[in-house]
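[1] Sequence plus predicted model, see below.
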Amino acid sequence: MHDCRQRVKRDLDVRNDHIQLILLKRRFRCHVCRKPFTESDTACGPRRRTTARLREAIGRQAAKHPVSHVAEVFGIGPRFARDCFQSVAHLCLQQRGLTIDEQSLLPTPRYLGIDEFAVRKGHRYETILCDLEASQVLEVRYGRRLEDVVPLLQRLALPEKVEAVSMDMSASFRPAVRSCLPQAQIVVDHFHVIQHAMKAFRKVVSAWANKKEGQVLLYRKQHLFLHAQEALTPDQQKERARIASHLPELEAAWQLKEGLRTWYATATTETAEKQLDDWIDQVREKGPDALRQALSAFTKWKQEILAFFRFLPTRISNGFVEGKNNRTKAMMRQAYGYRNLGNLRLRILIGEVV
């Protein structure tokens, strides 16, 4: 042994105390060539001034908070915090069979969920692809047009394995799925179907609230018709019924709205199509103009809407995907936007793993 030197390694803080580890590294001299050399650092890694658990803690915090904020809290540089985050993200993705590479093949589940979210509303959108069985994100890709979605679906390792794809009523997603996954059944998410009908029903309620006969009755009472029937208290149900007795046309529209929700809750594979046709006929006969105009989506996407009942008791839904989109929007607000979309992609992919 030639000599021994001290190396200071920063470690995780204990409460409010900063911890530093003093590592004694030995230097040796070779008997043959007479040259000195230092033993390798197996505890922290070569040329590292921090411990592995500190770098992991920084990476996990950077996965939940903006890099600049984490760098300020730990008293480090933003570049180091970003490197720690990428190392943690790489390990998390490896455990799930994914990689950081944007061109690698993706694992193929039975049920896929696909949706879009706005990075800059009206200008830039990204497409998110999810495994609905395992509740995890598979990939995030720039764009939402047909030429952007097709390359994403072509990265699936076993496309013939996909049985169903859940989506909203998007004009670009349907042709892309039919092109890349012809054997898969497209399922329109029931939440978007009800949301489409509710958008029309809101117009009906708003129109009656602005009319002379409904202006007083619906003053601060519109929510009684917009909320689900089971969400109302007994007193609220009585008040809603009282208002409906004075506004029979609004009551008829409300019954149609609740009829669609009841159809989703009670219909079976054998009865779904007939009950949907009956509901459409009722809207055409006695529904208001706003609801009748909304029927075009039901006729255009009828088979995809009915496909929801073919997989019962499994309720194929885009709920997990919508939750990820809401989480993504919260992350972007927290960070005041992302200039580095690669970091945003990694945060979405690793999700709550960290």
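    Received, thanks.

[2] Helices of the stretch 1-150 of the chain, start to end?
    52-62, 67-74, 78-95, 146-153 (DSSP state H, counting those that start in this stretch).

[3] now those in TSV, with mean pLDDT?
    Formatted as TSV, these follow (pLDDT from 0 to 100):
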stretch	mean pLDDT
helix 52-62	91
helix 67-74	90
helix 78-95	90
helix 146-153	94
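
[4] got the ones you listed as CSV, with distance to A231 and mean neighbour count columns?
    Just so you know, the C-beta spots here come from the backbone N, C-alpha and C atoms, and that holds for glycine as well. Shown next, in CSV, are these (distance: least, CB to CB, whole Å; neighbours: other CB atoms under 10 Å):
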stretch, distance to A231, mean neighbour count
helix 52-62, 38, 20
helix 67-74, 38, 18
helix 78-95, 38, 18
helix 146-153, 36, 17
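
[5] Turn those helices into CSV, columns for distance to L276.
    Below are these laid out as CSV (distance: least, CB to CB, whole Å):
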stretch, distance to L276
helix 52-62, 48
helix 67-74, 50
helix 78-95, 42
helix 146-153, 28
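
[6] among these, which is nearest R220?
    helix 67-74 (41.3 Å; CB to CB).

[7] And the contacts of that closest one?
    By CB atoms under 8 Å, 6 or more residues apart in numbering, the residues outside helix 67-74 that reach it are I58, Q61, A62, G77, P78, F80, A81, R82, F85, N343.

[8] Which two of the residues you listed have the greatest separation?
    G77 and N343 (15.5 Å).

[9] So if I had to pick from those two, which one is more boxed in?
    N343 (20 against 11; other CB atoms under 10 Å).

[10] The more buried one is in what secondary structure piece?
    Element membership of N343, judged by DSSP states H and E, is helix 341-350.

[11] List the buried residues for that helix?
    Across helix 341-350, burial judged by 16 or more other CB atoms under 10 Å covers N343, L344, R345, L346, R347, I348, L349, I350.

[12] Equivalent analysis for stretch 156-169, please.
    Neighbour-count burial for stretch 156-169 [16+ other CB under 10 Å]: L156, V162, E163, A164, V165, S166, M167, D168, M169.

[13] May I have it as PDB, with CA atoms only?
    The C-alpha coordinates for stretch 156-169 follow below in PDB (Å, rounded to 0.1, in the frame of the first residue of the first chain):
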ATOM      1  CA  LEU A 156     -46.700  -2.900 -31.000                       C
ATOM      2  CA  ALA A 157     -44.800  -6.100 -30.900                       C
ATOM      3  CA  LEU A 158     -47.800  -8.400 -31.400                       C
ATOM      4  CA  PRO A 159     -50.600  -6.400 -33.000                       C
ATOM      5  CA  GLU A 160     -52.700  -9.500 -33.600                       C
ATOM      6  CA  LYS A 161     -53.000  -9.900 -29.800                       C
ATOM      7  CA  VAL A 162     -55.100  -6.700 -29.400                       C
ATOM      8  CA  GLU A 163     -58.800  -7.500 -28.900                       C
ATOM      9  CA  ALA A 164     -60.200  -4.100 -28.200                       C
ATOM     10  CA  VAL A 165     -59.200  -0.400 -28.400                       C
ATOM     11  CA  SER A 166     -61.100   2.100 -26.200                       C
ATOM     12  CA  MET A 167     -61.200   5.700 -27.500                       C
ATOM     13  CA  ASP A 168     -63.400   8.800 -27.800                       C
ATOM     14  CA  MET A 169     -65.200   9.700 -31.000                       C
END
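
[14] circling back: how about the helices of the stretch 1-150 of the chain, which one is nearest K302?
    Nearest to K302 among the helices of the stretch 1-150 of the chain is helix 146-153 (22.2 Å), distances taken as CB to CB.

[15] so what does the helix or strand just after the closest one touch, helix or strand wise?
    Note on helix 146-153: by DSSP H and E, the next helix or strand toward the C-terminus is strand 164-167. Contacts defined by 3 or more CB pairs under 8 Å, 6 or more residues apart in numbering; DSSP states H and E place strand 164-167 against strand 111-120, helix 173-180, strand 185-188.

[16] Low-confidence ranges, the protein, go.
    336-337, 352-354 (pLDDT under 70).

[17] what do you get if the cut-off is 80, keeping everything else the same?
    Low-confidence segments of the chain, defined by pLDDT under 80, are located at 2, 42-43, 334-340, 351-354.

[18] can you map out the strands along it?
    3-14, 17-29, 36-38, 111-120, 124-131, 136-142, 164-167, 185-188 (DSSP state E).

[19] which one of the ones you listed is the most hemmed in?
    Of all those, strand 164-167 carries the top mean neighbour count, a mean of 25, counting by mean count of other CB atoms under 10 Å.
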